[in-house]
Every structure is written in C-alpha cells, then in structure tokens.
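Enquirer: Quick one, what's the 3D model for this:
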Amino acid sequence: MLSERQLLILKTIVRNYIGTAKPIGSSSLVKEGQLPFSSATIRNEMGILEQQGFIEKTHSSSGRVPSEQGYRYYVDFLVGKMAIHPTDMQVIQQLFTHDYVEMEELIRKSATILADLTNYTAIVLGPNLQLNRLASFQLIPIGERQVVAILVTTSGHVENHRFTLEAAVSPTDIERVVNILNDKLVNLPLSDIKMRLPREVNQLLKQQTNEFDAIQQLLQNVFHQTPQEKIVFSGQSHILNQPEFSQTAQIRDVIKLLEQRDDVFELVNDVPEGINVMIGEEISNDLFKDFSLITSTYKVDNQKAGVIALLGPTRMSYDHSIQVIDEVSKDLSRFLTTRYDEGNIN
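Expert: A predicted model of the protein is given here:
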C-alpha cells in the first residue's frame, strides 16, 4: 500500500516522464518546485518505489523512469477524471455534423481525428457487418459454371465474390434462386441467414430448381463467407516520431508491426466492452512489448459494433488519450445508432 506522499511522487514522475521522455531525478523535482518535499525525502521515497517495482533505473542515466507496473498503477488509480478540453470537444463534435453517404468515410475520418488529437497511431475497426440486415441479393452468371454473388446490406455495404458451381445451372434456375432469396431473406440480420437457409429456403429451392445440390452448396459458400470488418489506420508516422523509437533497428520493428494488419485486427477485435488499457507485455504479441494500446468499443442499439484504439509508447499520455477515445466512442455510438435506426447511412 503506497502512502499519500509516495502516490504524489509516483504520479509526478509518471507525468514528467510522459512529457519529457527523460529519466527523472530527485533534484530535478525539487528544482522545478513540483513537490513540497526535500530532495532527501524524495530520494528516499523513490528508493522505496524502486524496491516495490513502480520505477526503475535506466542504463544511461542516474534518473528513474516508470516501470510497466508503475504505469499500470497510474492508469488504474491515478489517472485524473478531468473534462475533455473544449477545443478537442469541438473538433470531435464537428466530425458528427456531416451527412455521411458511406460508412467507410466516417470510419476513416474518425481515425484521422483520433490520431491528430493525440499524436499517436489510431486504429478503427468498422462496425460488425453481421449486425447488418440483407437489403438485396443478386447472382450474375459469368460463365457456364461461374457466378458472381452480390450481397447488399441495409447499411449500404456491398460484398461481391466469384464462385464456381459444382454443376451448370440454367439462367432460369438462377433467376428463381434470386427471387426466392429476396422474398424470404431480405431484412434479416446476416447472422440469422445461415440458420434460416435450411429451414425456410432449401425446400423451395428443391421444389423449383433442377440443380438443387449445386445451388445449395453455392449458397452455403456465399453466406458462410463472412463479410470482413474494415480496419483503418491513421497517424502511423506518429510512432516513428517518438524518441523511444529513434534507432534504426527500432524503426524497422515499428514498421514491421504496422504491417501486421491481421495481428492488429485480432488484437483489437477481441477486447472487452468499454475502455481498456494494455501496457507492454500485457499485449499478447512480442512486437508490442514497448507499446501501450488503449481500446474502446462503440455500440449500435446497445450492441457492440466495433472498436477504436490508440497505439503509442508505454510513455503515452494516458489521461488525455483516455478522454479523447472515450468521447469519440460515445459520440460514434450515438451517431451510428441514430443513423442505423433512420436508415440514413450507407
């Protein structure tokens, strides 16, 4: 259990190091008048904080820097509950005053604003497309045994994929398939369609088409090929501007990390609801050991729809970043819920 004095010293060390990226010594804290204690007292307390694992010594300086444990304690217990800065609030609110025709435009601009306001790398995972409903379905023959399936959702998202049929299917049968699916499946959530196909569609297809087996296999392939959520990055160069990553080898590692889109997708896609902060080795990927990741989920009609995230050094400004990401996620949830209910976003 840390004393009030130790808490104040730890908070000051963390905030100073976040701001300067330079190891903190007791004399510098006294000179700058940030703490009402003597240099000897601060030095003694810093020794206790080091023994308990909250701060650590660097190889190149006599000063101390926060450890991962120190950052964890700071985030869990010492991050201030301050209101977001009015200028940041104005920029965020401006984002949601536009009428967006395409969902991807909103996701892209959200990522840009997150990166610009924080100077970290922003990652936005677009809404879970399985929450969308089917608006229309088309099959277009492009050869004797090849078709393009076009699936349009009520949010305006379009998926199209080419498939090879197990047997040739006549244009008449293809037209019947399209009519049956649009009659039976339109306005159903994509997540429900896989279950409804055998119950409500297959019997009709069997009665009204000649190549049922080939058609059944085609539709299983179409609706089991889950539409992929969009992942958008912004501000990748911000990481390279951090002093922690100024060496050539470190820059190479950072670039490699940003190229691992699938790894990043899996990392941010599987986070709990609300705001979460992962620091260093808490992130289950060796490439992220020198980073912190702040994530926040956003919702549509109280269902988790997607994730926004900020990636930066462990020395990131947690107070400000949490404020910004929290406000963006709340406003994004309200905006999307309204637009989805009204059917005004594609």
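
Enquirer: List phi and psi for Ile279.
Expert: phi -120, psi 120 (degrees, to the nearest 10).

Enquirer: quick one: contacts for it?
Expert: Glu68, Tyr71, Arg72, Val75, Ser292, Thr314 (CB atoms under 8 Å, 6 or more residues apart in numbering). In short, each C-beta sits where N, CA and C put it, glycine included.

Enquirer: how about the CA coordinates for the helix-or-strand element of the chain with minimal mean pLDDT, as CSV?
Expert: Within the chain, no helix or strand scores below helix 248-259, which has a mean of 74 by mean pLDDT, DSSP states H and E. Only the C-alpha atoms of helix 248-259 are listed here, as CSV (Å, rounded to 0.1, in the frame of the first residue of the first chain):
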residue,chain,number,x,y,z
THR,A,248,17.3,2.2,-37.0
ALA,A,249,16.5,-1.2,-35.6
GLN,A,250,13.6,0.1,-33.6
ILE,A,251,12.2,1.9,-36.6
ARG,A,252,12.4,-1.4,-38.6
ASP,A,253,10.5,-3.2,-35.8
VAL,A,254,7.8,-0.5,-35.7
ILE,A,255,7.3,-0.7,-39.5
LYS,A,256,7.1,-4.5,-39.3
LEU,A,257,4.5,-4.1,-36.5
LEU,A,258,2.3,-1.7,-38.6
GLU,A,259,2.4,-4.2,-41.5
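
Enquirer: For that helix, which residues meet the burial criterion?
Expert: Asp253, Val254, Leu257, Leu258 (16 or more other CB atoms under 10 Å).

Enquirer: what's the closest of these to Lys22?
Expert: Proximity of these to Lys22 (CB to CB) peaks at Val254, which lies at 20.9 Å.

Enquirer: contacting residues around the closest one?
Expert: Val254 sits next to Ile239, Leu240, Phe245 when contact means CB under 8 Å, 6+ apart.

Enquirer: run the last query once more with 6 Å
Expert: Ile239, Phe245 (CB atoms under 6 Å, 6 or more residues apart in numbering).

Enquirer: Show me the strands in the protein, by range?
Expert: Taking DSSP state E as the test, the strands found in the chain are 55-57, 64-66, 121-125, 134-143, 146-153, 158-164, 231-234, 275-279, 291-300, 303-313.

Enquirer: Out of those, indicate the one that is most buried.
Expert: Mean neighbours per residue, mean count of other CB atoms under 10 Å, is largest over the strands of the chain for strand 121-125, with a mean of 26.

Enquirer: angle of that one against helix 248-259?
Expert: 20 degrees (axes from the mean of the first three to the mean of the last three CA atoms, to 10 degrees).

Enquirer: Name the residues linked to the closest residue to Gly274 other than its chain neighbours by a beta bridge.
Expert: Among residues not flanking Gly274 along the chain, Thr297 sits closest, at 6.5 Å (CB to CB, 6 or more residues apart in numbering). With beta bridges defined as DSSP bridges, Thr297 has these partners: Val307.

Enquirer: which one among the buried residues of helix 248-259 gets closest to Thr12?
Expert: Val254 (29.1 Å).

Enquirer: And the closest one, how far from Pro189?
Expert: Computed as CB to CB, to the nearest Å, the Val254 to Pro189 distance reads 39 Å.

Enquirer: is it possible to export the buried residues of helix 248-259 to CSV including distance to Leu7?
Expert: Converted to CSV, these look like this (distance: CB to CB, whole Å):
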residue, distance to Leu7
Asp253, 34
Val254, 33
Leu257, 34
Leu258, 36
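
Enquirer: returning to what we had before: pick out the shakiest of the strands of the chain, pLDDT-wise.
Expert: Mean pLDDT is lowest for strand 158-164 among these, at a mean of 87.

Enquirer: just the angle between that one and strand 146-153, please?
Expert: Using the same axes, to 10 degrees: strand 158-164 against strand 146-153 is 160 degrees.

Enquirer: can you pull out the helices in the stretch 151-300 of the chain?
Expert: Counting by DSSP state H, counting those that start in this stretch, the stretch 151-300 of the chain has helices at residues 171-184, 190-196, 202-208, 212-224, 236-240, 248-259, 261-269.

Enquirer: Tell me how far stretch 36-52 lies from the chain's centre.
Expert: Offset of stretch 36-52 from its chain centre (CA atoms, centre = their mean, to the nearest Å): 39 Å.
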